[in-house]
Every structure is written in structure tokens, then in C-alpha cells.
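Peer 1: predicted coordinates and the sequence they were generated for:
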Amino acid sequence: MIEIRNLTRLYAGMPVVDDVSLTVERGQLLVLVGTSGSGKTTLLRMINRLVEPSSGRVLIEGVDTATLPAHLLRRRIGYAIQGHGLFPHRTVAQNIATVPRLLGWPRARIAARVEELLDLFQMDPAAFRDRMPHQLSGGQAQRVGVARALAARPDLLLMDEPFGALDPLIRAKAQADLKDIQRRLGTTLILVTHDMAEAVALGDRIAVMDHGKLLQDDRPARILTDPATPFVADLIGTADRALRLLSLIPVGAIAVPGEAEGAPIAPGATLRDALAECLWSGRSALPVEGGGVVTLDALRAQARHP
Amino acid sequence: MARLQPPAVLFALIGLAGLALPLVQFKPNRIVPGEGVGLLALPQGLAITGAVAVVLIAACAPRWPAALRLAVAAAGLAGVILSLGAAAAHLVPPGNALARVAPASGFWLLLLAFGLMGTDAVNRLKPGLALRWQMLAGALALAAAILVSGALDGVSVMREYASRRDLFGREAQAHLALAFGSLGLALIVGIPAGIAIFQAPRLRGPVLGVLNILQTIPSLALFGIMIPVLGWVAATVPGAARAGVSGIGVFPALVALFLYSLLPVVSNTLAGLSGVPAATRDAAIGLGMTRAQVLAQVLVPLALPVLLAAVRIVLVQNIGLAVIAGLIGGGGFGTFVFQGLNQTAMDLVLLGALPTIALALVAGIALDLLVQGARRVPA
């Protein structure tokens, strides 16, 4: 559990992060959202003390991070950034092995961990182990960056705009993969982005920041349906909030017994997918794989402002 | 004309001018000005002149592959140097120890023509790194073979060498010690200084400012200033003289070369470190490296090509500047240059100048190849 207590950072007397308190439960995925200059990156960097707080405290599992040497603290916290920051003079395997080597793991254990991570990120170890970063595509480099952050099995992973340099198609896949891996490993993850769509797609919780202040901290559905301030409402945008809301709920959750014509839809697909399919095929109900139907009326009811 | 190779035409014009001018100067003794002797006046002179002219003109044709040009250039260079030796052997009567045969304008122009042709051919060939090293080694082996063979022993410069064999060896060592010693000192002081001003940006202005001013002092003036200053230090500071400090000799020469080397080393260290992407540094710190680890494992390896470029600049610069040390008793090839100037013996000047040029050339090429090798590792 991460507890952020009254964290403040001043630059030239001006607060960049202003008295922010937050708690992240073990295994949760928290997304920090805000425009540039909102203080979200500074807040993230105070957790692994790349920026020292002016006042306030960060507790990880009850231990005040200020009591540990900064570099030892950082070796226990995964860190991945936009543009991946891979070391250009080291191979993929050496990059991933960075923290285990700093921690003095034995050679064989490091090699096995590198294999395991490359497998986890669907990169063939034989083909990628000895490549240099400049021989990777943007998506591959990003995955190696995350693999490097996870190498020493940190309980907490910090990510700063990790998908910022990827094109939209690869980005959607990378987001889905990250969420999947985070679920499987049970890692607590705090991720910074300026993209509300990304926040809604990934977050168990979303914390919205502006001018150094925490405006709202809640589940994505609540942020969409009940924005705390006009700024949060602006950030969500009014144009497609109904569709975003639908994208949060799986078909299986609102399926009812019944029969319908045509191709079935997977229970794990979102209501947004189901709505698109209804409109595209001109049906008012879709059969769900494994039994039941989802109706257009039910979709409408879910999308309406409560 | 459009079908001809413009560079080859230039080389041919230089070479033809070289053929028209005297190849060597014949002097009754080493001090008096001599008379020019052309290639035509030598045995088989007409045949050689004709062959060289035909090759130079033929090389203007566009179809010649670069490898053939390179072979012709190498053969041309060897041929020009060997004909210098042959001319000396032919012109000096046996038993005459006073007469001198020195290279003249024709020789230098022919050397230039084939040298340019060779350089141009190498650039067109774009050989790999390994092949370049082999070509450098081959050229050095060829030059050594010609010198050892005795084919040039009659040439004036080699006559000067023959009467100073031991001295030449000592001065060569002194020259290399000055050039490499000052480079070593500059690296020992300059790299930490570069790292320091990289980490403390406030110091950058003052440090680089002082080094810039040092760099602008003319070399002769710097030596001049150091004679009284270091002389005073040697005379007043206890133990300084015993430690080697003195106003003239090796010490001030080493100090001057060291001071000139600092700016390139410090500023390239700074540039190399600053060139490392911010994201890479951020990741290194964020993953839990200590400051020393970030420096040793990430910053310095990535700055290495720029650092090697500084080593190249400094070494070539110092090999040249070390000549001035001869003026204040610091030794090195400059000793011959200044002795020769005093005696108006141009051959003796060449005995100092030619090895200096050769050293600088070889050091420059070798370090260029090293820099390229280092750059290939990171992207």
C-alpha cells in the first residue's frame, strides 16, 4: 500500500504539487491525469525521490521513503518513461538486467529472468536478447523498457507517459498488454498520462490533477458520470462520454436470458463494442457466446446519465 | 570535358606541372643554393616522364574503377620516391661527401598529385574499418621498406640523417614523449574537469573562459612568458628545481603543450556528456544507479566517441606544436628545424619537418579510425 501524505513541492516559492494526499491499494492501477504543468509528473517523481518533496511524506507498506537511501529505494520501484530511455550502448538483455545486476543477482538467475520477461512480452529471446536498442521498433523498445522496469520484481511500478511515443494502433495493443501483465503479476502501478481515454481504458482509479492540486480521485465510471469540478468535466469532454462509459462494462455483466439472431459476441467484449455491432448489423439484440442476449435497450439504459 | 573526371583532371594538371619542373636540386655542398635537374636529364628520363604523363592523362577517363586508381596512386608514390633516390645516386659523383641532392618543386608536386589521387580513390572505395587499418599498415610497411632498403641513402635529407643517427633517435623519443606526455596529462586533468563542470553548470562559464584565453595565446609567446615565470619558480620555490621545474628545456615545453590541450579535452568531455539523451540519464537514475554508476556505466561510455575526437585533435595539434619546443631546448624534431634555420641548411630543416608531418598524418588517420570504431557500437 502506498500512502501519499500532504505532499508539496515548491519551485522558486511556487507550489508545483500542492498538498496532495492519496492512497493506492496493493495491486491497484492508479492513473494520474492532467494537462502539462499540472504537477502529475512531479508527483510521480517524488514517489521514487527523483524529486525531493518540499514537505509531506510518502509511505510504502508503512515505511517512510525518506528514511531509505534514494538509490536503494529506486531499485525496489520499477520505473519506465516516455521514449523508453533504453541504454543505447547495451543489448536488450543487458538493458533488462540493469536492476538485477545492481542488486548483485547471480548470473544464471539474471539470464533466466531476462528469458522469462522476453517471453512475457511476446519477444523471442533468441531473436531479441542480443539486439541493440536502435534495432528495435518503437513498440518493441517500449516493451523492453517496461520489462527492464519489472526485472527485479518490484511491488510498485511507476510509468511516465509510457505510450506517448507510440502510434495509435500499437498503443491500444500495448495498453491492453500492460493491463493484462499488471493483473497477472499483481503489481501496484501508478501511471501518468495527459490522455483521458488512456486513463479510462487502464485505470482502476483515476486521479485528476490541475495546477498542482488533486481535483478528484475515483473509479473511472464515477469520474465520467460525476465530475467533481468543471475542469474535470472539460478534461473528459462531453462529446463521447456515453461511449466511454459503455467501454468500461463487459457484455457479460448485463446479459439476460433469451435468443437473438446473427453472430454472437464474446462476454468479455465491452458494451461499446456491442453497441457498434448492433448499429453496424442493424440488429436490436445480439446473442452472447455461452448463452443469453444483450439488447439495444439495455445498452441505452447503461449509457444514459444516471 | 563533361565525360572526364574533374578531380582526376586536377591531379593530372598538378602532376604534369610537376613533370615540367625540376625533380631535384643539385648542390655542390649543403649550404649553397643549387641548380634544378629535371627528370628528363636522368637515365631513362624520357621513358619515365612519358609513362607518368600517359598514366596521369589516362586516369582522367571516367571508366577507371577506384581500386585501379588506388593501385596507380600507390605505384606512383613509390615510383616518385624511388626516382628521387635514383637521381641522387646518379648525380653525386662517387666519393664526393659534400655534394647534395635535395627534392625540388617537381618532386613535391608529383607527390601531391599521386597523394591526392590515392586519397580520392580511398574515399570512392569506401572501404570497411578493417580494410582501412590494413591499408594504413600497408602504407607504413611500404614506407619503412623503402627507407630501410637504402634506395634513398643518397638523398640530402638521408645524408643529414646518416650523420645524426643517434641524435635522431633521441629527438624522436623526446618528440613523442612531449606529444603523448602532454596528451596524457591533459586527459588526467581535463576529463575530471569536464565531468566537474558538467555536474556544476555554474562553473562552466569561468572554466571554459580561462581555457579559451589560454588557447588564443600564440605558441611562441606562451613559451616566451614561461621562461621568466618558471625560471623564477625554479629559483625561489624550494625543491622546485630538483623536481624538474625550469625556465627552459622539457618542463616549460610540456607545460605549454598541456595548457593548449586542456580546452579541447575539457570542452569535448562536456559536449560528450551533454549529448547523452536526457531520457537515458533519467532512466539510469530512476532505476537506482548511484551517481558514480551513472557516470561510469552510462555517461562516459556514451561520450566516448566525442572524447576520442578530442584525443585526435590534441595529439595531431601537439605533434605539430612540439616542434616549437626545439626553440627552448625542449628537444624533439624542432631541434633539427631550428638548427637548420640557423645554418640555412634546408636539408636539416626537412629532417625535422618531414617526420613531424608523417607522425601527425599517421596519428590523425589512426585516431579517425578509432573514433569510427567507437561510434559503431552505440547507434
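Peer 2: Nice, thanks for sending it over. Source: prediction; values computed, not measured.

Peer 1: from now on I want contacts and neighbour counts done on CA atoms only, so please keep to that.
Peer 2: Fine.

Peer 1: tell me the domain ranges of chain B?
Peer 2: Split into domains by automatic domain parsing, chain B comes to B:6-156, B:165-376.

Peer 1: what mean pLDDT does the first one have?
Peer 2: With pLDDT averaged residue by residue, domain B:6-156 scores 84.

Peer 1: which residues of the stretch 251-379 of chain B lie near chain A?
Peer 2: B:279-283, B:285-290, B:298, B:301-302, B:377-379 (Cα under 8 Å from any Cα of the partner chain).

Peer 1: chain neighbours aside, what residue packs nearest to the residue of the stretch 201-306 of chain A at minimum distance from chain B?
Peer 2: For the stretch 201-306 of chain A and chain B, the shortest gap (Cα to the nearest Cα) falls at A:G212, measuring 22.0 Å. Excluding the flanking residues, the one nearest A:G212 by Cα to Cα, 6 or more residues apart in numbering or on different chains is A:V17, at 4.0 Å.

Peer 1: phi, psi of A:L286?
Peer 2: phi -120, psi 140 (degrees, to the nearest 10).

Peer 1: pull the contacting residues for it.
Peer 2: A:A260, A:E261, A:G262, A:A263, A:P264, A:I265, A:A274, A:C278, A:V293, A:V294, A:T295 (Cα atoms under 8 Å, 6 or more residues apart in numbering or on different chains).

Peer 1: beta-bridge partners for it, please?
Peer 2: Listed beta-bridge partners, A:L286: A:V294 (assigned using DSSP bridges).

Peer 1: please report how far it lies from B:L39.
Peer 2: For A:L286, the distance to B:L39 equals 100 Å [Cα to Cα, to the nearest Å].

Peer 1: could I get the domains of chain B in a markdown table, plus columns for distance to A:E52 and mean neighbour count?
Peer 2: Formatted as a markdown table, the domains of chain B follow (distance: least, Cα to Cα, whole Å; neighbours: other Cα atoms under 10 Å in any protein chain shown):
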| stretch | distance to A:E52 | mean neighbour count |
| --- | --- | --- |
| domain B:6-156 | 48 | 18 |
| domain B:165-376 | 13 | 19 |
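
Peer 1: returning to what we had before: for the residue of the stretch 201-306 of chain A closest to chain B, grab phi and psi.
Peer 2: phi 80, psi -10.

Peer 1: was I right to think it contacts A:P15?
Peer 2: Yes: if you go by Cα atoms under 8 Å, A:G212 and A:P15 touch, sitting 6.7 Å apart.

Peer 1: looking at these two now, which is surrounded by more residues?
Peer 2: Shown here are A:G212 and A:P15; by other Cα atoms under 10 Å in any protein chain shown, A:G212 has more neighbours (23 against 16).

Peer 1: which ones are touching that one?
Peer 2: Per Cα under 8 Å, 6+ apart, neighbours of A:G212: A:P15, A:V16, A:V17, A:D18, A:V20, A:G37, A:S38, A:G39, A:K40.

Peer 1: what about 7 Å?
Peer 2: A:P15, A:V16, A:V17, A:D18, A:S38, A:G39 (Cα atoms under 7 Å, 6 or more residues apart in numbering or on different chains).

Peer 1: number of nearby residues for the last one?
Peer 2: Meaning A:G39. Other residues near A:G39 number 24, with proximity taken as other Cα under 10 Å.

Peer 1: I'd say it and A:V17 touch.
Peer 2: Yes: assessed by Cα atoms under 7 Å, A:G39 is found in contact with A:V17 at 5.3 Å.

Peer 1: for the chain, what's the longest helix?
Peer 2: You didn't say which chain, so I picked chain A. In chain A, taking DSSP state H as the definition, the longest helix is helix A:168-185.

Peer 1: sorry, should have said chain B
Peer 2: Max-length helix for chain B by DSSP H is helix B:165-199.

Peer 1: quick check: what element follows it along the chain?
Peer 2: With elements assigned by DSSP states H and E, the helix or strand that comes after helix B:165-199 is helix B:204-216.

Peer 1: can you name the element that comes right after that following helix?
Peer 2: According to DSSP H and E, the helix or strand after helix B:204-216 is helix B:219-236.

Peer 1: distance from the chain centre to that next one, please.
Peer 2: Put simply, helix B:219-236 sits 27 Å off its chain's centre (Cα atoms, centre = their mean, to the nearest Å).
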